[in-house]
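Visitor: Need coordinates for the following:
(chains A, B and C)
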Amino acid sequence: MGNSEDKPSAASSRSAGEVVADEVRRSPALALIIFVPVVILLERILPDAHTLLFLVSVVAIVPLAALLSRATEAVAAKTGDAVGGLLNATLGNLTELVISLAALQAGQHLLVKASLAGAIVTNTLFMLGGAFFLGGLKHHIQEFNRVNARFQACLLFLATIAILVPSLISEVDQPPAPSVSQDLSLGLAVLLIVVYALGMLFSLRTHRELFASVGHADEDEKPWPLGLSIILLIGVTLLVAMVSEIFVSSVQVAAEHLGMTPAFVGFIVVALVGAAAEMTTAFSAARANRLDLSVGIALGSAAQIALFVAPVLVLVSYFVGPEPMTLQFWRGAVTMMIVATIAATLLSNGGRGAWYAGVMALALYAIFAFTLFVLPPANPT
Amino acid sequence: MGNSEDKPSAASSRSAGEVVADEVRRSPALALIIFVPVVILLERILPDAHTLLFLVSVVAIVPLAALLSRATEAVAAKTGDAVGGLLNATLGNLTELVISLAALQAGQHLLVKASLAGAIVTNTLFMLGGAFFLGGLKHHIQEFNRVNARFQACLLFLATIAILVPSLISEVDQPPAPSVSQDLSLGLAVLLIVVYALGMLFSLRTHRELFASVGHADEDEKPWPLGLSIILLIGVTLLVAMVSEIFVSSVQVAAEHLGMTPAFVGFIVVALVGAAAEMTTAFSAARANRLDLSVGIALGSAAQIALFVAPVLVLVSYFVGPEPMTLQFWRGAVTMMIVATIAATLLSNGGRGAWYAGVMALALYAIFAFTLFVLPPANPT
Amino acid sequence: MGNSEDKPSAASSRSAGEVVADEVRRSPALALIIFVPVVILLERILPDAHTLLFLVSVVAIVPLAALLSRATEAVAAKTGDAVGGLLNATLGNLTELVISLAALQAGQHLLVKASLAGAIVTNTLFMLGGAFFLGGLKHHIQEFNRVNARFQACLLFLATIAILVPSLISEVDQPPAPSVSQDLSLGLAVLLIVVYALGMLFSLRTHRELFASVGHADEDEKPWPLGLSIILLIGVTLLVAMVSEIFVSSVQVAAEHLGMTPAFVGFIVVALVGAAAEMTTAFSAARANRLDLSVGIALGSAAQIALFVAPVLVLVSYFVGPEPMTLQFWRGAVTMMIVATIAATLLSNGGRGAWYAGVMALALYAIFAFTLFVLPPANPT
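Guide: Alright, predicted model coming up:
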């Protein structure tokens, strides 16, 4: 660890190619990046091979998400704590955001909503459960700072409820008129973004010590040069956008061929792909007995989806795509989000982790996935 | 503080006028009391100026509620701990009760139910959130006794669920026959009052030390003479009743003019007005870093609404007004009450307060208010 | 206590009659065992006296459940910790399981589901509430290990949600096709049993120290000989099966006569009868200021119903009875189970017990019972 940090000047003279090659050595999953040009070529040659395009694009997004996450961290590390924290907090779910934007442009609101709901459930059940399970296999009982975890779980609960209000309140006999539903969603989106901005003020400025441990995940990695990081950040974002577009245009036909509904694809596939990079960090932190960090990443990322990604998509939907998107989720999604949030609250409330707690959370995730596979939403918008 | 208590004899010779004048100096909001005679006169002169009557009556109730709260405390302070505690516990929501009785007499069950639901949500989100926010602006992190807070939150949760049972269980395809619904509400009302009586036995007799700090809010205030306190208590209650009647008779037409539904008026306006006095105490306690007291007032008052005010109104509705009232709330109200209670449980569970926790609770309250404004209950009974 | 354990050899030479006579002396309720032959005879003589058969069979099951519980413990004590723990964990709700099997065979799915839902609610509200109340009457404040309690409450919450997923998710406008619902229930049943098996691995093998105190309830009782215990275990199970069959065949007509619905009988009567033996243990532990044990029994038993008894009944329903049973509960049952679980979480979360907490839990139970009596499920399958 000391060694690698002794030579920042040498590091900063590395080229983009060397950096990527270096990263691939560190995390072999990055080798999947070869599928990025493959899928772009395939789309030109075989534009109607939807199932193939769907599968290859999913595989291609995984390494891009990892690179995006690393580039964001590298820029954040160079720009100082305040701006860096802001970047990390804003771009932490960039992959998710870019995929959702592509779906929004194609007017696939159900896919967007399913991926939002799925991201919250995946972060709270799969990521948290996986961290408890993998950490618990190595360590008998893992203690973590339950005061901070509880505070963050409380914020997550409020955030989740906030985006669910239109769905919860409007569950009346006759659904509200579309225009009312849109006004409500627009007003809420603005309010949520204000709350999110205040949350950044809170976590980055006034109470940063509460969130201190999060973000120092990989202390032993080589620093990237700033210019390169920014170029990578922009370049990889563009690549994610390109691959997402292929993904979105192929998903409907491909899902049908594979026997999956768009709701299932959004809820499970997009959510897992979008969170892949953070999951790696959360899982290795749990193995290293740093469950605080895992809990922080999982709860923080879920809160970000609810308070930032979802309302931004509502606002953007007024300019992109055929018609504005509301925040109304189908009932099953509402139930799953609330259950997942309460489960995360209980898991992080105890202050202790063990492998079986992880099994229970993962089982709940499996039950949700299985149910969604067997029983797609009847009236999902 | 010592000084004012050295001369109780001098204090007790003060007249009612002096006492009120003294109070007005201490809390300038009491000067609004001038609107009490104004609204009573206005109602004689302009009985059809509903919007004006509505606005002035709302303003007139605020100082009356504050005086009522002070008079109750003064009587309680003079009559010894047991009787005093009983008085405080029973009359703590007297304003709310008197307004609701006026609405009951006018047969406006929706207004009554909205103000009950609103009182629980206002106490748990607005009062608790405001206390966290205002306290947090002054103090970085506020620690409070989480064991007591958790105990009270647990009681509040059970109390809220108890009044919601008829609404929760009866959510079947075909709603129950009105007579069944009435039997159920009547039985529950009796049971809830028994539970409330046992709760007073618990908090005032067997386990009073758990609730000890609550009620010593303003130790530095001048004591009122007992006779005067009782006269004020009775007199102010009568004034609240008179103003409430004007308020209730004008609310429907006025709300329409102002673009508000009766549900919104009950949920937001009546609840805020009814809780104004307690809110002042809770907020200044939070500023003085006594978050225990704030949490106790907020949760205790909400539990009192659920366990005492609501069932008393059901029982009274058999003698007052056109037809008996049930405990069935519309679905949005049920959701908001449960969410508010869970949020209060989480907020008080942590044992730590900070300004952003308050922001989140206030944002949730704003979301509820906004939703209710945009989307009134469809079938609110 | 020492005395009785000094002479295991003497004890092992006791006959079954002596053992039963000894037990009856220790717990007079066992004298009710006289009703077992009575009900079997009655059924031959008066096969149409349904109300009488129903009442006598209920009374006869109580002592059998107590004996079954003692026999299981006796076998468990003799077979060593691992196998014994397994036996205890598997047969802890044997009475409930046998009654439900009889109901399943008669095709009374509503009775089965009501008794499953009722068992979870009874364990979490009635058993836990009763323990807090009875313990609290004797001890001012009872502290208990809240870390373990919280961990178990977390598992219970996840377990309860897991069996509710089909009911929660399928709450769409049009219910799913029966075949889909069956596939879903079958898949979930298998998953839940796997989770239950892992849970036994966790609590009996890898993390047994967390659950250590549970199971040493009656340290001062005379040990039973192993052979006798096994014979009693089998014999009493057969008797429970016989009486259960009489109970199930008489319940429908009898309930009508007594003005109760099958849902009420299953939810309240079967659940109370099935849990009678464990309740005795939990209540006396609370009186002895061992609230840890009471909480462990109540939460553990409820989790076992959700993770083991319910899925086993789904699997068995493919071989027994007219048609497979699903895990879809009616909405009121879903609400009551979730509320009961959250209440149990809150009660055990505090780490402190007092009599009023018990009153609140018992009041909630009374409210549920009363509601179910007045307002049976409209569309209960």
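
Visitor: CA atoms for contacts and neighbours, from now on please.
Guide: Will do.

Visitor: Neighbours of the residue of the stretch 251-381 of chain A found nearest chain C, how many?
Guide: As assessed by CA to the nearest CA, chain C sits closest to residue A:332 within the stretch 251-381 of chain A, at 4.6 Å. Residues lying near residue A:332 (other CA atoms under 10 Å in any protein chain shown) number 24.

Visitor: Quick check: it touching residue C:168?
Guide: Yes - counting by CA atoms under 8 Å, residue A:332 touches residue C:168, with 7.0 Å between them.

Visitor: quick revisit: separation between the residue of the stretch 251-381 of chain A closest to chain C and residue A:338?
Guide: Between residue A:332 and residue A:338 the computed distance is 10 Å (CA to CA, to the nearest Å).

Visitor: Residue A:209 too?
Guide: Residue A:209 is 29 Å from residue A:338, by CA to CA.

Visitor: Distance check, residue A:206 against chain C.
Guide: 30 Å (CA to the nearest CA, to the nearest Å).

Visitor: got the contact list for that residue?
Guide: Shown in contact with residue A:206 (CA atoms under 8 Å, 6 or more residues apart in numbering or on different chains): no residues.

Visitor: do that again at 10 Å, thanks
Guide: A:199, A:200, B:140, B:354, B:355, B:356 (CA atoms under 10 Å, 6 or more residues apart in numbering or on different chains).

Visitor: Quick check, the fifth one in contact with residue B:140.
Guide: So the one you mean is residue B:355. Yes - at 8.0 Å, residue B:355 counts as touching residue B:140 under the criterion of CA atoms under 10 Å.

Visitor: of these two, who's got more company?
Guide: More crowded of residue B:355 and residue B:140, by other CA under 10 Å: residue B:355, with 26 against 13.

Visitor: list residues touching both of residue B:355 and residue B:140?
Guide: With CA under 10 Å, 6+ apart, residue B:355 and residue B:140 have common neighbours A:206, A:207.

Visitor: what kind of secondary structure is whichever residue of the stretch 51-200 of chain A sits closest to chain C in?
Guide: In the stretch 51-200 of chain A, no residue comes nearer to chain C than residue A:140, which is 7.9 Å away by CA to the nearest CA. Here residue A:140 is coil, with the state taken from DSSP: H, G, I helix; E, B strand; the rest coil.

Visitor: how far does whichever strand or helix holds residue A:249 sit from the chain's center?
Guide: Residue A:249 belongs to helix A:226-257 when elements are defined using DSSP states H and E. What separates the centre of helix A:226-257 from the centre of its chain is 15 Å, taken as CA atoms, centre = their mean, to the nearest Å.

Visitor: tell me what that helix is packed against?
Guide: helix A:8-12, helix A:16-26, helix A:35-45, helix A:50-78, helix A:94-105, helix A:109-121, helix A:262-264 (3 or more CA pairs under 10 Å, 6 or more residues apart in numbering or on different chains; DSSP states H and E).

Visitor: do you know which of those helices lies nearest residue C:146?
Guide: Minimum separation from residue C:146 across these (CA to CA) falls at helix A:109-121, 27.3 Å.

Visitor: Contacts (any at all) between chain C and the closest one?
Guide: No - contact of helix A:109-121 with chain C (CA under 10 Å from any CA of the partner chain) is absent, the minimum separation being 13.9 Å.

Visitor: sorry, back to before: biggest separation within the contacts of residue A:206, which pair?
Guide: Counting by CA to CA, the most remote pair of these is A:200 and B:140, 16.0 Å apart.

Visitor: residues in contact with the residue nearest to residue A:42 when sequence neighbours are not counted?
Guide: Once flanking residues are discounted, residue A:42 sits nearest to residue A:53: 7.1 Å by CA to CA, 6 or more residues apart in numbering or on different chains. With contacts defined as CA under 10 Å, 6+ apart, the neighbours of residue A:53 are A:38-40, A:42-43, A:46-47, A:59, A:243, A:246-251, A:254.

Visitor: Please pick the buried ones from the residues you listed.
Guide: A:39-40, A:42-43, A:59, A:243, A:246-251, A:254 (16 or more other CA atoms under 10 Å in any protein chain shown).

Visitor: so what's the residue of the stretch 251-381 of chain A closest to chain C scoring on pLDDT?
Guide: pLDDT recorded at residue A:332 is 82.

Visitor: secondary structure class for it?
Guide: Looking at residue A:332 with three-state DSSP, the answer is helix.

Visitor: ok, back up a step: save the helices and strands packed on helix A:226-257 as TSV, and put in distance to residue C:194 and mean pLDDT too.
Guide: Output for the helices and strands packed on helix A:226-257, formatted as TSV (distance: least, CA to CA, whole Å; pLDDT from 0 to 100):
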stretch	distance to residue C:194	mean pLDDT
helix A:8-12	50	44
helix A:16-26	36	70
helix A:35-45	37	90
helix A:50-78	30	84
helix A:94-105	33	89
helix A:109-121	22	91
helix A:262-264	24	81
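
Visitor: Let me know which of those helices is tucked in deepest.
Guide: helix A:109-121 (a mean of 27; mean count of other CA atoms under 10 Å in any protein chain shown).
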